[in-house]
Structure formats: C-alpha cells, structure tokens
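Participant: Compute the structure for the input listed below.
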Amino acid sequence: MSMTSLSSREVNHDVSKAKKAAQNGPVIITDRGKPSHVLMTYSEFERLSGKRRNLVDALAMPGLSTIEVDTPRAKIATREVDLS
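Facilitator: Below you'll find the model as predicted:
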C-alpha cells in the first residue's frame, strides 16, 4: 500500500487523479503544506472504522460451507432445592 500526498489545489484540479491514487492507498491532502485531510476508498474506510456485518452477510461469505464445527452437547444437571 502506497501513500500519496497531494495539495488541495491539485485535488481540486484533478479529482480523478486523487481517486485513482486512493485505490493504491490513502491520499494525504495538504493545505499550505500541512496535512489536513485523508482520502481513501469507502471499502478501506469501512475496514478501518470497524463496521460490523450482520449475521446473514457473515454467514453468506464464500468458503464457510467447507468449515466443520463440532460443538459438544451441553449437559444440564438438575439439583435438589431446599425449601426449608
């Protein structure tokens, strides 16, 4: 993953260049020579922000059907109650 730095003027003049650079990694946007913003793809933003998937999406992931899970049966034991 490469990191690109562009001035805000460069971004304003060539947005497609900035978007293409964001495909390869974050783009640091500078304002008067100092970093001010970061441009990244939405998928990278989701990954970094820890967006949770719902259960249906997680179970629909390819390759999960080949995983075998052997869970032991829970043993529930009764106990006597002292009502005295």
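
Participant: Next up, phi/psi of the residue nearest the centre of the chain, please.
Facilitator: With distances taken as C-alpha atoms, centre = their mean, the residue of the chain nearest its centroid is R47 (1.2 Å). When read as degrees, to the nearest 10, the backbone of R47 gives phi -60, psi -40.

Participant: Quick check: it vs K34, distance?
Facilitator: Relative to K34, R47 is positioned 27 Å away (C-beta to C-beta, to the nearest Å). C-beta coordinates here come from the backbone N, C-alpha and C atoms, glycine included.

Participant: for S5, same thing?
Facilitator: For S5 relative to K34 (C-beta to C-beta), the value is 11 Å.

Participant: Likewise for A21?
Facilitator: Going from A21 to K34 by C-beta to C-beta gives 19 Å.

Participant: Among these two, which residue is more densely surrounded?
Facilitator: For A21 versus K34, the count of surrounding residues by other C-beta atoms under 10 Å is larger for A21: 19 against 6.

Participant: That one should be in a strand, yeah?
Facilitator: No - with DSSP: H, G, I helix; E, B strand; the rest coil as the criterion, A21 is assigned helix and is not in a strand.

Participant: any idea how far stretch 75-84 is from the chain center?
Facilitator: Centre-to-centre, stretch 75-84 and its host chain are 47 Å apart (C-alpha atoms, centre = their mean, to the nearest Å).
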